[in-house]
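[1] Sharing a model that was predicted from the sequence below.
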Amino acid sequence: MNPKRIPNQPLLKILQIPNSFWGSLFCKNIIGFFILFLSWAAFLPLSTAENTHPFRYGGKLVLTTTSDPKSFNEIIAKEVSTSEITAYLFEGLTRVNAVDLKVEPHLARSWKISPDGLTWIFHLRRDVKWFDGFQFNADDVVFTFNELIYNLNIPTSSRDIFTINGQTPKVEKIDDFTVKFTLQSKFAPFLWVMSQPILPKHKLEKTVTERKFNFTWGIDTDPREIIGTGPYKLAKYVPGQQIILERNPLYWRKSVDGDQLPYINKIIYLIVQSADVELLKFLEGSIDYYVLRGMDFSLLKPLEKNDDFTIYDMGPSSSSNFITFNLNPGINPKTNKPFVDPIKLSWFSKLEFRQAVAHVIDKQKIIEIVKNKLGYPQSSAMTEGAGFFNNTNVVQYDYDLTKAKELLQKAGFIDRNQDGILEDSQGHDIEFNLYTNADNTERVDIAAIIRHDLEKLGMKINFQPLEFNILVSKLNSTFEWEAIVLGLTGGVEPHFGRNVWASTGQLHLWYPKQTTPATSWEKRLDEIFDLGVQELDENKRKVFYDEFQAIVAEKLPLIYTVLSAKLSAVRNKFENLNPTNFGGVFHNLEEIYIKKEYR
C-alpha cells in the first residue's frame, strides 16, 4: 500500500486504496580494526567514504500494493497504481515541504520572478545525473513541457493543470542550466505545479518523433531502460508478485550532515489481492507498513507494544470517496454504439435522480459499520483535510428515504405495475450496473450498503467489483460503465483538481474531454478555475473555490460518501520518521534509515 510520499505531479489521480546505526566497535589491535572495516565497507554504497554516518546505509522497506501498475510512463499515468511507483523515479523543479507546506527548490536550485508575475527564470542544479549517467539540463525541462505535456497527441492530465484560458506557459532554454517560463496570465500556484516530473530528452525524444511515446515505458519494459533522476530506480517487476526499487547511487541530494541520500538500499512492493491480505501480511510481520481501515483499529491497537509497531493518526484523509453516474452522450467509434444506453443516460442526467441517490447514502451507518466510527462524512469537493479551502457551507443531503422517493416520483420514476421495481415514464425498469474496485474491501462494503438502500427504493442494482486497472480502463478508455463507487486523491490546492473539474479535463469522470461545456454549471466551473488560478489574494481565491464546491454539491456530478481517518501502522525499525497529514508517514523517505537492531 502506498506509504504516501509527496507526489511529484500536482494533479488528482484515481485512488486505489496506500540516526546512528553503529554502536561501539572493540578491536584488539589496529590491524584487526582495518580488516573488519574493509570487510564491512564492501557492502556499503561506493560514496560512503565521504559520508558522516556510513552505518546508516542499508536495509529494505517492504510495502504492499493491491494492483499492478498499468505503466511506468509518468506523463500518461492517471491512476495511483502507476504514480505511486513513478514517484520514486522522477522529480520536478520544486517540491512541497510536507511539514509547513512551503515550496522548496528541488531540481531547480533557485528562481526569479518579474514584477508583473508573468516571467519566471529557473536556475537548475548542475549536480543532477540521470540514472544512465547523462547530465540533467535545460533541454530536459523544455522537452518535457513543449514535446510531452503540450503535445496534443499525448493524453496527459498534466496539460489540464497548465492550461489557463486555453493557453499554456511558454517554455524556453536560456542556457544549459537556465529555463524561462512566460505566462500569459498570473498563476497563483505556479511554484506548486513546478513539481511536475521532468523526463529525459536523450532517452525519449525519438519516441515522440516516431509517435510511439504513448506506448513507451510500458510494464514489459526492461527496467534498465526507465531513466529518471529520483532516489530510487526500478530494478525488477514481476506481474502479480512484486516490484523492486533499488537505491540510485548517483542521487544528488545530501543530508544536512553531508551524507549522500537515500539511506535505505531497497524498497519492495508485494502485489497482493486485497486490503485483507495486506492486513494478514502485516500481522505476520512480512511487511513494514499498513494503512488501517476503521475496522482494523480495534484489532491492531492492543498489539502495538508486543508486536513492535506504532499506529499514527494523522487526521482526516484528503482523499475523496463518491458514487458517480456516466453522463457521457458520446458514441464508441469502434462499435458505433453509445457509451451509455440512451434510456439510462436520460435517468442519470436528471438532477432529481442524483439528488435521490444522495439522500440514500447513510453516511453515519457507513462510518459506524465500515469505518468502525473512525471516519468523517463528506459533503464538499475539498475535504476537511484541505484546511483553508474547505467549504462547509454547501448543500447537505441527509439520509432520508422518504425524501428520495418523493424526488424520484417527481422525476417520473414510479412502480407502475407493483412488481417492486421502479419504472420510468416509458415503462422501463430502473436497472443499472454498479462497479467498484475489488481490492478495496472498504469500498466494496460501502457500495454494498448503497446498493441495499437503492434497492429499498425499487431500483435493481447489478453490483460487480472489478480489478482496479480494468475499472480504470472503463473510466478513461472505453467509457463503457453506468455507475461507479470510487475515490480520488486530494490535496490543499484546489487548482490541482482542474483535470477533474474542467469540462475538457482528462479526469472529468462523468463526461471527460468535452469540446464545449455540456451544461451551464460546467461552463461556470471552467470560468471559476480560470479565475481562481489567476487571483493572487488568497481570501479572494477562496470565494471562487467556495462557489465551485457549492456548485458541485448542488449539481452532484460526484455524490460524496465518507472520509477515512488517516491511520497508519509502522514497524518500529525506522529512524527519522516525521508523519504529517499532507505527506503521510514516508514523505521524507530519503532521510529515513533503519535502526541497528533491526538489520
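    Alright, I've got the coordinates.

[2] Which of the helices and strands in the protein ranks last by mean pLDDT?
    helix 30-41 (a mean of 30; mean pLDDT, DSSP states H and E).

[3] mind listing what's buried in stretch 248-261?
    By 16 or more other CB atoms under 10 Å, the buried positions in stretch 248-261 come out as 248, 250-255, 259-261. Glycine gets a C-beta too; all of them are placed from N, C-alpha and C.

[4] returning to what we had before: which strands or helices does the helix or strand following the least confident helix or strand of the chain pack on?
    Downstream of helix 30-41, the first helix or strand assigned by DSSP states H and E is strand 60-65. Helices and strands touching strand 60-65, by 3 or more CB pairs under 8 Å, 6 or more residues apart in numbering; DSSP states H and E, are strand 266-271, helix 275-283, strand 289-291.

[5] Would you tell me which helix is longest in the chain?
    In the chain, taking DSSP state H as the definition, the longest helix is helix 538-555.

[6] quick revisit: mean pLDDT added to the helices and strands packed on strand 60-65, as a markdown table?
    Below are the helices and strands packed on strand 60-65 laid out as a markdown table (pLDDT from 0 to 100):
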| stretch | mean pLDDT |
| --- | --- |
| strand 266-271 | 98 |
| helix 275-283 | 96 |
| strand 289-291 | 97 |
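
[7] looking at these, which is buried most?
    Ranked by mean neighbour count, the helices and strands packed on strand 60-65 are led by strand 289-291 with a mean of 25 (mean count of other CB atoms under 10 Å).

[8] Can you identify each of the helices in the stretch 401-550 of the chain by residue range?
    401-410, 441-456, 468-473, 498-501, 520-534, 538-555 (DSSP state H, counting those that start in this stretch).

[9] Specify the stretch among those helices that is closest to Leu374.
    The closest of those to Leu374 is helix 441-456. By CB to CB, the value is 11.1 Å.

[10] contact partners of that closest one?
    Helix 441-456 has contacts (CB atoms under 8 Å, 6 or more residues apart in numbering) with 17, 274-276, 293-295, 321, 323, 357, 360-362, 365-366, 369-371, 401, 434, 436-438, 461, 463, 465, 485-487, 561-562, 564.

[11] List only buried entries from those residues.
    17, 274-275, 293-295, 321, 323, 357, 360-362, 366, 370-371, 434, 436-438, 461, 463, 465, 485-487, 561-562, 564.

[12] so what's Arg95 closest to, chain neighbours aside?
    Closest residue to Arg95 apart from its sequence neighbours, by CB to CB, 6 or more residues apart in numbering: His106 at 4.4 Å.

[13] Would you confirm that the one you found contacts Val96?
    No - if you go by CB atoms under 8 Å, His106 and Val96 don't touch, sitting 9.6 Å apart.

[14] just to revisit the earlier point, nearest to Ala386, of the helices of the stretch 401-550 of the chain?
    The closest of those to Ala386 is helix 538-555. By CB to CB, the value is 9.4 Å.

[15] where do the helices sit along the stretch 51-200 of the chain?
    Using DSSP H, counting those that start in this stretch, helices in the stretch 51-200 of the chain cover 80-86, 138-143, 158-162, 190-193.

[16] Determine which of those helices approaches Leu507 most closely.
    In terms of CB to CB, the element of the helices of the stretch 51-200 of the chain nearest to Leu507 is helix 158-162, at 7.9 Å.

[17] For this protein, give the strand that spans the most residues.
    Ranked by residue count and defined by DSSP state E, the top strand of the chain is strand 562-571.

[18] Pull up the pairing partners for the next helix or strand after the longest helix of the chain, direction included.
    Toward the C-terminus, helix 538-555 is succeeded by strand 558-560 as the next helix or strand (DSSP H and E). Applying DSSP bridges to the sheet, strand 558-560 is found paired with strand 320-325 (antiparallel).

[19] If you compare the directions of the partner strand and helix 441-456, what angle comes out?
    When axes from the mean of the first three to the mean of the last three CA atoms, to 10 degrees is applied, the directions of strand 320-325 and helix 441-456 differ by 40 degrees.

[20] quick one: strands adjacent to the next helix or strand after strand 320-325?
    Sequence order places strand 331-332 as the next helix or strand after strand 320-325, per DSSP H and E. Counting by DSSP bridges, the strands paired with strand 331-332 are strand 337-338 (antiparallel).

[21] average pLDDT across the strand it pairs with?
    For strand 337-338, mean pLDDT is 95.

[22] I'd like the distance from that strand to the chain centre, please.
    The chain centre lies 31 Å from the centre of strand 337-338; the measure is CA atoms, centre = their mean, to the nearest Å.

[23] Which positions within the helix or strand following it qualify as buried?
    For strand 337-338, the succeeding helix or strand toward the C-terminus, using DSSP H and E, is helix 342-348. Buried residues in helix 342-348, counted by 16+ other CB under 10 Å: 344-345, 347-348.

[24] Which SSE is immediately downstream of helix 342-348?
    Next element after helix 342-348 (DSSP H and E): helix 351-360.

[25] For that following helix, enumerate the helices and strands it packs against.
    Here helix 351-360 touches strand 320-325, helix 401-410, helix 441-456, strand 558-560, going by 3+ CB pairs under 8 Å, 6+ apart.

[26] coming back round to it: now do the longest strand of the chain against strand 320-325, angle only.
    Using the same axes, to 10 degrees, the direction of strand 562-571 lies 140 degrees away from that of strand 320-325.

[27] can you give me how far the following helix or strand past strand 562-571 is from the chain middle?
    Next in sequence after strand 562-571, counting helices and strands by DSSP H and E, comes strand 574-575. Computed by CA atoms, centre = their mean, the chain-centroid distance of strand 574-575 equals 25 Å.

[28] before we move on, what about stretch 373-392?
    Centre to centre, stretch against its chain (CA atoms, centre = their mean), the figure for stretch 373-392 is 17 Å.

[29] Enumerate the positions of that stretch that are buried.
    With burial defined by 16+ other CB under 10 Å, the residues of stretch 373-392 counted as buried are 374-386, 389-391.

[30] Span of it from start to end?
    Distance across stretch 373-392, first residue to last, is 21 Å (CA to CA, to the nearest Å).

[31] Now render the buried residues of helix 342-348 as JSON lines, adding distance to Ala518.
    Putting the buried residues of helix 342-348 into JSON lines (distance: CB to CB, whole Å) gives the following:
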{"residue": "Lys344", "distance to Ala518": "17"}
{"residue": "Leu345", "distance to Ala518": "12"}
{"residue": "Trp347", "distance to Ala518": "16"}
{"residue": "Phe348", "distance to Ala518": "13"}
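
[32] Thr82: which of these is nearest?
    The closest of those, once distances to Thr82 are taken by CB to CB, is Phe348, at 28.8 Å.

[33] Okay, that closest one and Glu284: tell me how far apart.
    44 Å (CB to CB, to the nearest Å).

[34] Kindly report the same for Arg56.
    From Arg56 over to Glu284 the distance is 28 Å, taken as CB to CB.

[35] Comparing those two, which residue is more hemmed in?
    Neighbour comparison, Arg56 and Glu284: the larger count goes to Arg56, with 28 against 8 (by other CB atoms under 10 Å).

[36] right, and the more buried one touches Tyr263 too?
    Yes - using CB under 8 Å, Arg56 is in contact with Tyr263, at 4.8 Å.

[37] shared neighbours of these two, which are they?
    With CB under 8 Å, 6+ apart as the test, Arg56 and Tyr263 both reach Tyr593.

[38] Look up the closest residue to Thr580, ignoring the ones flanking it.
    Ala98 (4.8 Å).

[39] Pull the number of nearby residues for that neighbour.
    19.

[40] That one contacts Asn588, correct?
    Yes - contact criterion CB under 8 Å: Ala98 and Asn588 qualify, at 7.2 Å.
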